[in-house]
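K.L.:
Predicted model and sequence follow; I will ask about them next.
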Amino acid sequence: MEQTLQAPVRNRGAVAITALAYVPAVLCMMTVGIIVPFLERLSQELQATRPQLGLGIALFSIPPAFLATVGGGLIDKYGVRNAMLFAVTLSGVGGVLISMAHSLAALDSALLLAGLGFGTMCIAAPCLIMLTLKDGTQIRAMSFVSTYAPTGYAAGLLLAVPFTGSGEWRTAILIHAAMLFTTLVALLLFLPNPKAAVISKREPLGRTLGRMLSICREPRALRLGLAVGLPNAVSYGTSLASPSYLAQVHHMSIASSAAGVAIAKLVAMILGGLTMGHLLVRTSRPGLLFGCMAVIGVLAQTMLFLPSTPFTLAEVALVVWLFSFGGMSGGAMTLLPSVAGDPSRSGAASGLINQFISLASFATPSTWLAIHNGTDFIFLAAGCLLVAFVALPTKLPQQTSRASSPQLQ
């Protein structure tokens, strides 16, 4: 196998690289956030039950759940730029097909296609950061970019809110598709093409697959996948359940509840991602930060789902929860470069982590939407975060000193 490592891109600012990774990932995730406020409307138009629609939303996570690790290996071979362009295109086409759906089967198929685009972007965005940035800049960018999923969901909710009263969900989806195609043009113009490795096309298929899947034999990579996947499941479940739960408990419209949830998510994710990035550069103990954020997260979930909590305080609790999630997700994802080890496995490592996230996300809609008791939400979240904390990999025996802008281990 012929390999040539390419140095990080030097002529592009860290902020520009972070935006090129973050914005497309947020846009690809917005699809689910747009769909959720229209569940009742979709149920009427498509003659589908709420659990059936929940399964359709879960289909969004199927492609990355089953293809992420192999897909990450293919990204290593064919390049991050091609993967990101492919992802945005699929998500845009999927959005157009969703807007044209007049049956549950058509909606499910379109969500599956959009999910393939989203899954590809989930893998490619962290790869772009790993291959173009380094040291403290990489840590800050990785921490911030790791919040794309809840931020994208919140942005989708906000886009949907003006149309919830009229039920014009197709219009909201088409606007979103137009945003994706506009982003595609921007990526064509500005996205760099870093490559971790140039791999001979004559390499035998078996060796290629073996190289792609070798990351699956790394215990630290598997543990990191669990530590990242479970908080993402809690965040996704909270996003799905909280608008209707708060609307029911506090006797308010779904539009008002969804808008409150969305604004809280956007504020918390941006602040959490930026703050944790700076903290992680200055600490040698990401596990301690993860544990503290997990404890804060459990307390916030308790306040959020207690029926006696006033709506204003519940919104504050949601902000605190999302801030803690941003800390957990960002802190864990900064360990990804050390788990990958060889830069030529950056895509495979990112794919494996996103496979865990996607498997957890696939199970989330049917689990959280089946719960109606606030206490059950609290215990489920606490259990997931406890397992995530235990699974978080420890540092490697040897690590770079802080004086030399370390990679977190």
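P.N.:
In hand now; what should we look at? Numbering: from 1, shown residues only.

K.L.:
Can you get me the centre-to-centre distance for the host helix or strand of T137 and its chain?
P.N.:
Using DSSP states H and E, the element containing T137 is helix 135-145. Centroid separation for helix 135-145 versus its chain: 16 Å, with Cα atoms, centre = their mean, to the nearest Å.

K.L.:
after it comes which helix or strand?
P.N.:
Per DSSP H and E, the first helix or strand lying C-terminal to helix 135-145 is helix 148-164.

K.L.:
got the angle for the helix or strand following that next one vs helix 148-164?
P.N.:
As assigned by DSSP H and E, the chain's next helix or strand after helix 148-164 is helix 169-190. Interaxial angle, helix 169-190 versus helix 148-164 (axes from the mean of the first three to the mean of the last three Cα atoms, to 10 degrees): 140 degrees.

K.L.:
Helix 169-190: how far from the chain's middle?
P.N.:
When distances are taken as Cα atoms, centre = their mean, helix 169-190 is centred 19 Å away from the chain's centroid.

K.L.:
hang on, the earlier thing: now do the helix holding T137 and helix 148-164, the angle between them.
P.N.:
Here helix 135-145 runs at an angle of 30 degrees relative to helix 148-164 (the same axes, to 10 degrees).

K.L.:
Which strands or helices does helix 135-145 pack on?
P.N.:
When contacts are defined as 3 or more Cβ pairs under 8 Å, 6 or more residues apart in numbering; DSSP states H and E, helix 135-145 packs onto helix 14-35, helix 104-132, helix 254-282, helix 311-333, helix 336-340. In this view, the C-beta of every residue, glycine as well, is placed from N, C-alpha and C.

K.L.:
go again using 7 Å as the cut-off
P.N.:
helix 14-35, helix 104-132, helix 254-282, helix 311-333 (3 or more Cβ pairs under 7 Å, 6 or more residues apart in numbering; DSSP states H and E).

K.L.:
Enumerate the positions of that helix that are buried.
P.N.:
Of all the residues in helix 135-145, those buried under the rule 16 or more other Cβ atoms under 10 Å are G136, T137, Q138, I139, R140, A141, M142, S143, F144, V145.

K.L.:
Look at the nearest residue to the second one once chain neighbours are set aside and say how many residues are nearby.
P.N.:
When you say that, I think you mean T137. Once flanking residues are discounted, T137 sits nearest to A14: 4.7 Å by Cβ to Cβ, 6 or more residues apart in numbering. Look at A14: counted by other Cβ atoms under 10 Å, it has 17 neighbours.

K.L.:
P337 versus A14, what's the distance?
P.N.:
According to Cβ to Cβ, to the nearest Å, A14 and P337 sit 15 Å apart.

K.L.:
got it, and E45?
P.N.:
As judged by Cβ to Cβ, E45 and P337 stand 46 Å apart.

K.L.:
Comparing the two, which residue is more hemmed in?
P.N.:
Set E45 next to P337 and count neighbours by other Cβ under 10 Å: P337 wins out with 24 against 17.

K.L.:
my read: that one touches M130, true?
P.N.:
Yes. Taking contacts as Cβ atoms under 7 Å, P337 lies within contact range of M130: 5.4 Å.

K.L.:
mind listing what P126 touches?
P.N.:
Counting by Cβ atoms under 7 Å, 6 or more residues apart in numbering, P126 makes contact with M142, V145, M333, L336, S350.

K.L.:
tell me the contacts of the fourth one?
P.N.:
The neighbours of L336, taking Cβ under 7 Å, 6+ apart as the test, are P126, M142, L224, A349, S350, I353.
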